[in-house]
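[1] mind folding the following:
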Amino acid sequence: MREVFNRVEDNELVKIEVDLAAKDFEESNPWLFSIFIKYDGLDDSDEKMAEFFEIKESLIIALEYKDISYYAGNRLVDNWSELYFYAPDSKGLDAIATDILKPTGYIFECNVVKDSKWEFYDFNIFPTDIEIAMMQSYKIMTLLEEEGDDLEVVREVEHYASFQTASQKDRFVEKVQKLGYSYKDDLDADEFDNGVAVVKEHCVTEEELIKIVSEIFALVKEEHGEYELWSTLIQEKE
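    Model (predicted):
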């Protein structure tokens, strides 16, 4: 299952696509194969971008054919598209990529290294817990917009969290109340252990959610809990 998210590294935006299921194949695929494709000469036309992504998908199909390797993800950074695969063997990967890319005229380079612990995947491709929370938040935002919601309208937003113990939950509530959140209710025990809902008024734009989710996420983690996302009522555009 592929997911896309953004990350800032050294003050530079990195767009990452990750195959979340790739690590199912970790044990028997110790070789990390990377393909860097320079794409800074592309314009933003649909035709050019479609052509580029068609080449990318062709690479993935060819390199995954008969379990030659497994696609781990793609990083777009500094005018390069970086594709990463994990394979059981280091041989033959370069030839497959070259056969596809050489006729296209794109500048590219390939490399293969041993990464039996999948450290590159863990630290450079797989999302952190907060990035996963933001990915899920973007999905909620998209659903709201599809229903005609005006994300810029300030409204009550419920945030949910669960904890191992009731005392952890109580300490969390005490902390978030100091930041302007209000306790609303305990959550159904059948769904969340020691779960709680807190409320704060704010809009649900991307900029605001990055701030709010990061803020509440940090407090949840201080009490060793799990952030269970948020919900709100639709505020239609006038």
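[2] and the stretch of helix or strand Glu158 belongs to, what does it pack onto?
    Secondary structure from DSSP states H and E places Glu158 in strand 155-162. Using 3 or more Cβ pairs under 8 Å, 6 or more residues apart in numbering; DSSP states H and E, the elements in contact with strand 155-162 are helix 166-177, strand 195-202, helix 206-222, strand 226-232. From N, CA and C alone the C-beta is placed, and that goes for glycine too.
[3] swap in 6 Å and give it another go.
    strand 195-202, strand 226-232 (3 or more Cβ pairs under 6 Å, 6 or more residues apart in numbering; DSSP states H and E).
[4] roughly how far is the shortest one from the heart of the chain?
    It refers to strand 226-232. 17 Å (Cα atoms, centre = their mean, to the nearest Å).
[5] partners of it in the sheet?
    Strand 226-232 has its sheet partners listed here by DSSP bridges as strand 155-162 (antiparallel).
[6] also the longest one?
    Neighbouring strands of strand 195-202 in its sheet, by DSSP bridges, are strand 155-162 (antiparallel), strand 182-186 (antiparallel).
[7] re earlier: Throw the helices and strands packed on strand 155-162 into a markdown table and include mean pLDDT and distance to Ile210, thanks.
    As requested, these are exported to a markdown table (pLDDT from 0 to 100; distance: least, Cβ to Cβ, whole Å):
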| stretch | mean pLDDT | distance to Ile210 |
| --- | --- | --- |
| strand 195-202 | 97 | 12 |
| strand 226-232 | 96 | 13 |
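[8] with respect to Gly180, which of these lies nearest?
    Comparison of the helices and strands packed on strand 155-162 against Gly180 by Cβ to Cβ identifies strand 195-202 as nearest, at 5.8 Å.
[9] where along this protein do the strands fall?
    If DSSP state E is used as the criterion, the strands of the chain fall at 2-9, 12-19, 31-38, 70-77, 80-87, 108-114, 155-162, 182-186, 195-202, 226-232.
[10] domain assignment for this structure?
    According to automatic domain parsing, the chain is divided into the following domains: 2-125, 129-232.
[11] can you give me the end-to-end span of the longest one?
    Think domain 2-125. Its start and end residues considered, domain 2-125 measures 11 Å (Cα to Cα, to the nearest Å).
[12] please renumber so the chain begins at 742
    Understood, numbering begins at 742; the last thing we discussed is domain 743-866.
[13] out of the strands of the chain, which is closest to Glu888?
    Scanning the strands of the chain with Cβ to Cβ as the criterion, the closest one proves to be strand 967-973, at 11.4 Å.
[14] just to revisit the earlier point, pick the most buried one from the strands paired with strand 936-943.
    Mean neighbour counts were taken over the strands paired with strand 936-943 using mean count of other Cβ atoms under 10 Å, and the top value, a mean of 19, falls to strand 896-903.
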